[in-house]
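Novice: Fold the following, please.
(one chain, ligands or ions: 1)
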Amino acid sequence: MTSIRETATAAFIEAYGDEPTGLWAAPGRVNLIGEHTDYNDGFVLPFALPQRTVAAVGPAPDGRWSVCSTLAPDPVTFGVTEPGEVTGWGAYVAGVVWALRDAGFEVPPVRIALASDVPLGSGLSSSAALESSVLTALIDLGGLDVPLERRPAIAQRAENVYVGAPTGILDQSASIRCRKDRALFLDCRTYRIEQIPFDLAAAGLAILVINSNAPHQHVDGEYGERRKSCEAAAAALGVPALRDVSTAGLDDALRRLDDDVLRRRARHIITENQRVLDTVSLLRSGRVREIGPLLTASHASMRDDFEITVAQVDVAVQSALEAGAYGARMTGGGFGGCVLALIDADRAEATAAAVAGAYEERGFTAPTSWVAVAGPGATAL
Ligand code: GLA
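Specialist: Predicted coordinates:
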């Protein structure tokens with residue numbers, strides 16, 4: 001089978017007629033727990049997928065930037081731009097160049113060809129994988145002094161300001177800072193991280209990722225709405241962010257919010273932050289199986305309070321649990337996307353079959369399932 005790096009190299013040669021001078025890779029992610037907490041200054045716990053985006057890169061003699069991909073073989077070429085000037089998928093690359101320059105760095109002009117096996121539009125951060133592979137390549141090739149802890153915020157600005165998506169820092173942090181066999185415990189306020197041991201195989205366990213293959217609908221509008229509700233709730237409570245309300249202050253906070261929607265949105269964030277902290281404590285002490293109920297509680301909170309799930313992901317969670325999973329939840333922004341289930345390592349096929357059966361009964365498009373192992377973050381190859 002042709003590897004992604006070979007595919008990216010071939011795409012480079014096809015588009016530009018010579019060999020790339022280097023290859024960089026950055027992964028997609030699943031978030032174990034901590035959903036929509038990132039833009040509330042809260043906690044997240046993602047791990048990197050083995051699936052990744054590879055950028056084959058070479059210098060650009062014309063002083064401009066060019067990028068193509070296996071999905072769009074005709075290169076998009078641009079010079080120094082401002083947000084809005086490059087649109088479509090090329091904006092993710094132009095945005096990274098812009099954000100690095102805006103942070104004061106001299107960005108080397110390059111030609112890029114991209115190949116990826118991160119499923120697109122499935123809530124597994126294919127866009128962060130793209131941004132992070134390009135960002136890492138530009139930093140290495142330019143010899144730029146950008147410490148690892150600063151990099152996710154630069155990629156996030158590309159997405160927030162250049163592409164115009166109001167996302168938090170989860171995806172880019174995961175793609176850049178995750179490590180093999182570790183989950184990344186990130187404080188989204190301070191950017192402090194802790195690499196949490198996450199070797200499931202050693203515990204006889206596995207994470208099954210189930211792509212619901214449900215069409216993503218209204219994602220951007222609904223995401224922005226959730227963000228606004230959280231900010232409104234924090235303002236009403238007189239705190240900088242919902243992160244500043246602990247579960248000890250939950251009842252009081254809920255009493256002080258008079259809007260039922262804001263109350264439920266806030267309850268999700270406040271309880272979800274605590275679930276991340278509880279998950280981290282259990283993992284630190286090697287009690288991996290016991291995180292199951294926290295995962296399932298996170299799903300219920302996303303379904304009932306944050307209202308970001310759809311029938312396909314609810315059915316996937318329910319049928320995985322009925323098939324014996326210790327816990328299951330939707331992962332990512334919501335409105336479709338993927339579910340993860342914590343299972344005994346030898347139950348992957350049976351669990352996947354149970355979910356597929358439930359989908360067939362309801363006439364849903366068939367799901368796609370695989371066992372995910374925590375892989376490395378962005379790197380030169
Ligand atoms: C998307 C966003 C992230 C994060 C998640 C939800 O993936 O890009 O910043 O908010 O949704 O946790």
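Novice: residue boundaries of the strands in the stretch 101-250 of the chain?
Specialist: 110-116, 182-187, 193-197, 205-211 (DSSP state E, counting those that start in this stretch).
Novice: most tightly surrounded among those strands?
Specialist: Comparing the strands of the stretch 101-250 of the chain by mean neighbour count (mean count of other C-beta atoms under 10 Å), strand 110-116 comes out on top with a mean of 26. Every residue, glycine included, has its C-beta placed from N, CA and C.
Novice: Now that strand - C-alpha only, PDB.
Specialist: Only the C-alpha atoms of strand 110-116 are listed here, as PDB (Å, rounded to 0.1, in the frame of the first residue of the first chain):
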ATOM      1  CA  VAL A 110       7.600  27.600  -0.400                       C
ATOM      2  CA  ARG A 111       5.700  25.200  -2.700                       C
ATOM      3  CA  ILE A 112       3.600  22.600  -0.900                       C
ATOM      4  CA  ALA A 113       1.800  19.400  -1.800                       C
ATOM      5  CA  LEU A 114      -0.500  17.800   0.800                       C
ATOM      6  CA  ALA A 115      -1.800  14.300   1.200                       C
ATOM      7  CA  SER A 116      -3.900  13.100   4.100                       C
END
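Novice: just to revisit the earlier point, next, format the strands of the stretch 101-250 of the chain as JSON lines and append mean pLDDT and distance to the ligand.
Specialist: Formatted as JSON lines, these follow (pLDDT from 0 to 100; distance: least, C-beta to the nearest ligand atom, whole Å):
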{"stretch": "strand 110-116", "mean pLDDT": "98", "distance to the ligand": "17"}
{"stretch": "strand 182-187", "mean pLDDT": "98", "distance to the ligand": "11"}
{"stretch": "strand 193-197", "mean pLDDT": "98", "distance to the ligand": "16"}
{"stretch": "strand 205-211", "mean pLDDT": "98", "distance to the ligand": "15"}
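Novice: a markdown table please, covering those strands and showing distance to Thr365.
Specialist: What follows is these, written out as a markdown table (distance: least, C-beta to C-beta, whole Å):
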| stretch | distance to Thr365 |
| --- | --- |
| strand 110-116 | 22 |
| strand 182-187 | 30 |
| strand 193-197 | 34 |
| strand 205-211 | 10 |
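Novice: Residue of the stretch 1-150 of the chain nearest the ligand, please.
Specialist: Glu35 (4.0 Å; C-beta to the nearest ligand atom).
Novice: next one: the stretch 251-381 of the chain
Specialist: Counting by C-beta to the nearest ligand atom, the stretch 251-381 of the chain gets nearest to the ligand through Gly333 (3.1 Å).
Novice: how many other residues sit next to that residue?
Specialist: Residues near Gly333, counting by other C-beta atoms under 10 Å, number 24.
Novice: Would you check how far apart it and Gly168 are?
Specialist: 10 Å (C-beta to C-beta, to the nearest Å).
Novice: What residues sit buried inside the helix or strand hosting Val317?
Specialist: Per DSSP states H and E: Val317 is located in helix 311-322. The neighbour-count check on helix 311-322 (16 or more other C-beta atoms under 10 Å) flags Gln312, Val313, Asp314, Val315, Ala316, Val317, Gln318, Ser319, Ala320, Leu321 as buried.
Novice: Give me the nearest residue to the third one, chain neighbours excluded.
Specialist: Translated: Asp314. Arg303 (6.1 Å; C-beta to C-beta, 6 or more residues apart in numbering).
Novice: Reformat the buried residues of helix 311-322 into JSON lines and put distance to Trp89 and pLDDT next to each item.
Specialist: Converted to JSON lines, the buried residues of helix 311-322 look like this (distance: C-beta to C-beta, whole Å; pLDDT from 0 to 100):
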{"residue": "Gln312", "distance to Trp89": "26", "pLDDT": "98"}
{"residue": "Val313", "distance to Trp89": "26", "pLDDT": "98"}
{"residue": "Asp314", "distance to Trp89": "31", "pLDDT": "98"}
{"residue": "Val315", "distance to Trp89": "31", "pLDDT": "98"}
{"residue": "Ala316", "distance to Trp89": "28", "pLDDT": "98"}
{"residue": "Val317", "distance to Trp89": "31", "pLDDT": "98"}
{"residue": "Gln318", "distance to Trp89": "35", "pLDDT": "98"}
{"residue": "Ser319", "distance to Trp89": "34", "pLDDT": "98"}
{"residue": "Ala320", "distance to Trp89": "33", "pLDDT": "98"}
{"residue": "Leu321", "distance to Trp89": "37", "pLDDT": "98"}
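Novice: among the strands of the stretch 101-250 of the chain, which is nearest Arg255?
Specialist: strand 182-187 (27.7 Å; C-beta to C-beta).
Novice: Run through who's touching the closest one.
Specialist: 32, 43-48, 169-170, 173-174, 177-178, 192-198, 276, 280, 283, 374 (C-beta atoms under 8 Å, 6 or more residues apart in numbering).
Novice: How about stretch 152-162?
Specialist: 83-84, 86, 91-92, 94-96, 98-100, 102-103, 127-128, 131-132, 135, 146, 165-169, 172-173, 175-177, 191.
Novice: The residues you listed: which ones sit near the ligand?
Specialist: Thr167, Gly168 (C-beta under 6 Å from any ligand atom).
Novice: List only buried entries from the contacts of stretch 152-162.
Specialist: Buried, going by 16+ other C-beta under 10 Å: 83, 86, 91-92, 94-96, 98-100, 102, 127-128, 131-132, 135, 146, 165, 167-169, 172-173, 175-177, out of the contacts of stretch 152-162.
Novice: Show me what counts as buried in stretch 65-80.
Specialist: Buried residues in stretch 65-80 (16+ other C-beta under 10 Å): Trp65, Ser66, Val67, Cys68, Ser69, Pro75, Val76, Phe78.
Novice: What segments of the chain are helices?
Specialist: Here the chain has its helices, by DSSP state H, at 4-16, 90-102, 126-142, 151-157, 170-177, 219-237, 250-256, 260-284, 292-304, 311-322, 348-362.
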